[in-house]
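Engineer: what follows is a protein structure lacking sequence information:
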C-alpha cells in the first residue's frame with residue numbers, strides 16, 4: 001500500500017516528513033511508513049499518528065489499484081469503511097456503520113452540492129478518476145466540517161484549482177482503465193500550463209462508459225429467490241413471472257451507465273499566497289437495479305434510469321499574514337444540480353433540482369511555544385425541490401451557519417487537542433397552500449459539538465490517545481419532511497416534522513505505531529445517542545395514514561423515520577510487517593479488520609450495519625514492480641431490524657501487479673488486477689438493495705496512468 005507524501009502545498013511538517021522518507025532505490029515497504037503521511041483535510045495539518053481518530057489516506061499506487069467509478073467502491077477496502085452499493089453507479093461510503101446524513105463527502109474541503117445524502121440511488125457528483133488523493137477522517141475532528149460529519153469525512157482532493165506553478169511550465173497527467181465485469185471503459189486527463197511566472201491555467205476532462213454488470217451468481221439473494229420460487233408455485237400465471245425472476249443470473253439488469261466531465265480553472269500563485277477559481281460540468285446517465293416485486297398480484301416493478309447534470313463554480317484563496325495568524329484561507333463552492341428519474345419509455349417521472357452554496361473561512365494561527373490552532377466560520381445554503389407525481393419531499397431550504405475552532409498543544413511526548421463547533425440550522429418547507437401532502441413551515445435548531453483529547457508517546461514511534469466528545473445534529477429536511485413514494489428506491493418514505501436534535505456522547509481510544517519495517521494503527525470507540533434518527537422497514541399502516549388526506553395509494557414498502565436512544569461501539573485496526581527482503585524486493589504482510597455493533601434501545605439492532613470484516617494481503621515491493629494478493633472475508637450479518645433480512649458472508653480473493661517500466665522516478669504505472677477471482681456471490685449488508693443487487697463478479701482490470 002504505497003502512500004507517497006503530497007508534493008503540492010507542503011507545510012514545514014510535511015517537508016520534514018518527505019526528507020525523512022526512504023530514498024529511491026531502498027526496499028523499505030512504503031506501507032510501514034504511513035505515520036509520516038500528512039493529513040491535510042483538517043485546518044491544522046498533522047502527521048497521521050498525531051490525529052486523535054482513525055484516519056486513512058489513499059493516494060499513489062494504492063489509489064490507482066483501488067479506483068472504481070464511484071467513491072464508495074474506491075474506498076471500500078479501507079478500515080472502518082463499507083459502501084451503500086446501490087448498484088455499480090450509486091455507491092456512497094459508509095463509515096463506522098454511519099451513512100447518509102452522518103457523513104460528509106467533500107471535494108477539496110467543500111461539499112459535493114448534490115443530493116446523494118437524500119437517497120442511496122443518487123450518485124455522488126465526484127469523479128474518482130480525477131482524484132489526486134483521498135482522505136478519510138473519522139472521529140471528533142471530522143466535526144469541524146459540520147455536525148452531519150459525526151460518522152466521518154471523505155475528502156477527495158483534485159488539481160482543478162492549481163496549487164503551484166509547474167517548474168517546466170506545464171504539467172500533464174492522464175489515466176485510462178478497463179474493467180471486464182461491466183465492460184468498463186474510462187479515460188481522464190488534466191493539464192496545468194504556466195502563463196508567466198505566477199499564473200497557471202488548468203483544464204481536465206473524463207469519460208466513462210459501462211454495460212450491465214456481470215455478477216457471480218443469481219440476481220436475487222438466497223432468501224429472496226426462495227420467496228420468488230414460492231410465489232411462482234402459488235401464482236404460476238402471474239404476469240410478474242416469478243419463476244423467471246428467480247432464475248435471473250449472470251448480469252445485473254438496468255445497470256449500464258455513461259458519464260463525462262469537463263473542467264477549467266486558473267490560479268494566481270505568489271510567494272505569500274494564491275487565489276484560484278474553477279468551473280466544472282458533470283453529466284451522467286445511469287440505471288438503477290430493479291427491486292423486484294415478489295408478491296402475487298402486485299405492481300410491475302420499475303427499472304428507472306437517472307439523468308444527472310451539475311454545473312459548479314469553485315473558489316480557493318490563501319494568504320500568509322505573519323504575526324499571531326500564520327495565514328487566512330477561503331474556500332467556496334456553488335452549484336446547480338438536477339436529475340431526472342426516467343421511466344422505461346424515456347419520460348421524466350420525477351425531477352430533482354438542487355441549488356447550493358457552501359463556503360469556509362479559516363484563520364490559521366502561527367505555532368507558538370507548541371501551541372497552534374485554527375478557527376473559522378462555515379456557511380451552507382441549499383434549495384431543494386422534487387417535482388412529479390412521485391415527489392416525496394416538498395420544496396425546501398436548508399440554511400446553516402457554523403463557527404468552529406481547533407486548538408492543539410504539543411509538549412513532545414504529550415499532546416493535547418480541544419475543539420468546538422456551534423451551528424445554527426434553519427429548515428423551511430415551502431409547501432404550496434393548496435397542497436395538503438406535506439408539512440408547511442419552519443424548524444430551527446442550535447447545535448453545539450465539542451471534543452477534548454490527549455495523546456502520549458509511550459515509546460519511540462508509538463503513541464496512544466484518548467478523546468471525549470459531545471455532538472449534536474439537526475435533523476435533515478428528508479428526515480423531517482419526507483412523505484411520499486420514491487421510484488429510485490422503490491419505497492414510500494415517511495419523515496416526522498416534530499423530531500428533536502440528535503445528540504451523542506462519544507469516547508475513542510487510538511494507538512499508532514510506525515517504525516522501520518512495521519506499521520500499526522487501531523481505534524476503539526463508543527457512542528451513546530439520544531434522539532437517534534433511523535429509518536426502518538415497517539408495515540404499510542403508518543404510510544397509508546400519512547397518505548390518506550391526499551387520497552394517494554401506498555403500494556410500495558414503507559420506510560418510516562423514528563427517534564430513539566442508541567448505542568454504537570466498534571473497533572478498526574490495520575497493520576503491516578516486513579517479512580523479508582529478497583534481492584530488490586521487500587516482502588510485506590498486512591491485515592486490517594473492523595467491527596461495528598449498533599443497538600437501538602427498546603427496538604433492536606440498527607439497520608444496515610456492516611458485519612465483522614477481515615482483509616489480509618501479501619505484497620512484494622520494489623522500485624519497478626509491486627505484486628499483491630489479498631483475501632477479504634466479510635462475515636454473515638444476522639443482527640437485523642424488523643423486516644430487514646440477514647446477509648450471508650462471503651470471501652473475495654484479489655490479485656494485482658503494478659509495473660513501473662521506467663523505474664520509481666518516473667510516475668508512469670501500469671496496473672493489472674483480478675478481483676473476485678472465484679466469481680463468488682457477494683452482497684453488502686449496508687445496501688438497501690442487497691437482496692436484489694450483488695457486487696461485481698470476476699473483474700479483470702487494466703489501468704495505465706502517467707504524469708509529465
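Structural biologist: Nice, thanks for sending it over. All of these numbers come straight from a predicted model, not from anything done at the bench. Numbers count the residues shown, from 1 in each chain.

Engineer: contacting residues for the residue lying closest to residue 367 once chain neighbours are set aside?
Structural biologist: Nearest residue to residue 367 in three dimensions, chain neighbours excluded: residue 326, at 7.5 Å (CB to CB, 6 or more residues apart in numbering). Glycine gets a C-beta too; all of them are placed from N, C-alpha and C. Under the criterion of CB atoms under 8 Å, 6 or more residues apart in numbering, the neighbours of residue 326 are 320, 364, 365, 366, 367.

Engineer: over to residue 547?
Structural biologist: Taking CB under 8 Å, 6+ apart as the contact definition, residue 547 lies against 483, 484, 492, 553, 554.

Engineer: list the contacts for the third one?
Structural biologist: Think residue 492. By CB under 8 Å, 6+ apart, the contact set of residue 492 is 392, 484, 485, 486, 540, 543, 547, 554, 556, 557, 558, 559.

Engineer: and those, which are buried?
Structural biologist: By neighbour count, with 16 or more other CB atoms under 10 Å, the contacts of residue 492 hold 392, 484, 485, 486, 543, 547, 554, 556, 557, 558, 559 as buried.

Engineer: okay, the residue lying farthest from the centre of the chain and residue 527: tell me how far apart.
Structural biologist: Of all residues in the chain, residue 237 has its C-alpha farthest from the mean position, at 43.9 Å, by CA atoms, centre = their mean. Using CB to CB, to the nearest Å, one obtains 52 Å as the distance from residue 237 to residue 527.

Engineer: thinking again about what came up before, mind listing which of the contacts of residue 492 are in strands?
Structural biologist: Among the contacts of residue 492, the ones falling in strands (DSSP state E) are 484, 485, 486, 558, 559.

Engineer: tell me which of the residues you listed is nearest to residue 449?
Structural biologist: Checking these against residue 449 with CB to CB, the nearest one is residue 559 at 27.6 Å.

Engineer: residue 511 bridge partners, please.
Structural biologist: Residues found in beta-bridge contact with residue 511 (criterion: DSSP bridges) are residue 464, residue 522.

Engineer: got a list of what it touches?
Structural biologist: Shown here is residue 511, whose contacts under the criterion CB under 8 Å, 6+ apart are 462, 463, 464, 465, 520, 521, 522.

Engineer: closest one of these to residue 75?
Structural biologist: For the contacts of residue 511, the minimum distance to residue 75 (CB to CB) is 16.0 Å, reached by residue 521.

Engineer: find me the pLDDT at that closest one, would you?
Structural biologist: Predicted confidence (pLDDT) at residue 521: the value is 93.

Engineer: does it touch residue 573 like I think?
Structural biologist: Yes - in this structure, residue 521 sits in contact with residue 573. The criterion is CB atoms under 8 Å, and the distance is 6.8 Å.

Engineer: overlap in contacts, these two.
Structural biologist: With CB under 8 Å, 6+ apart as the test, residue 521 and residue 573 both reach residue 79.

Engineer: wait, residue 531 sits on residue 500?
Structural biologist: Yes - applying CB under 8 Å, one finds residue 531 in contact with residue 500, separated by 4.7 Å.

Engineer: what sits in contact with each of those two?
Structural biologist: A shared contact of residue 531 and residue 500, defined by CB under 8 Å, 6+ apart, is any residue touching both; here these are residue 563.

Engineer: sheet partners, orientation included, of the strand or helix carrying residue 633?
Structural biologist: Per DSSP states H and E, residue 633 falls inside strand 625-634. Strand 625-634 has the following strand partners under DSSP bridges: strand 613-621 (antiparallel), strand 650-659 (antiparallel).
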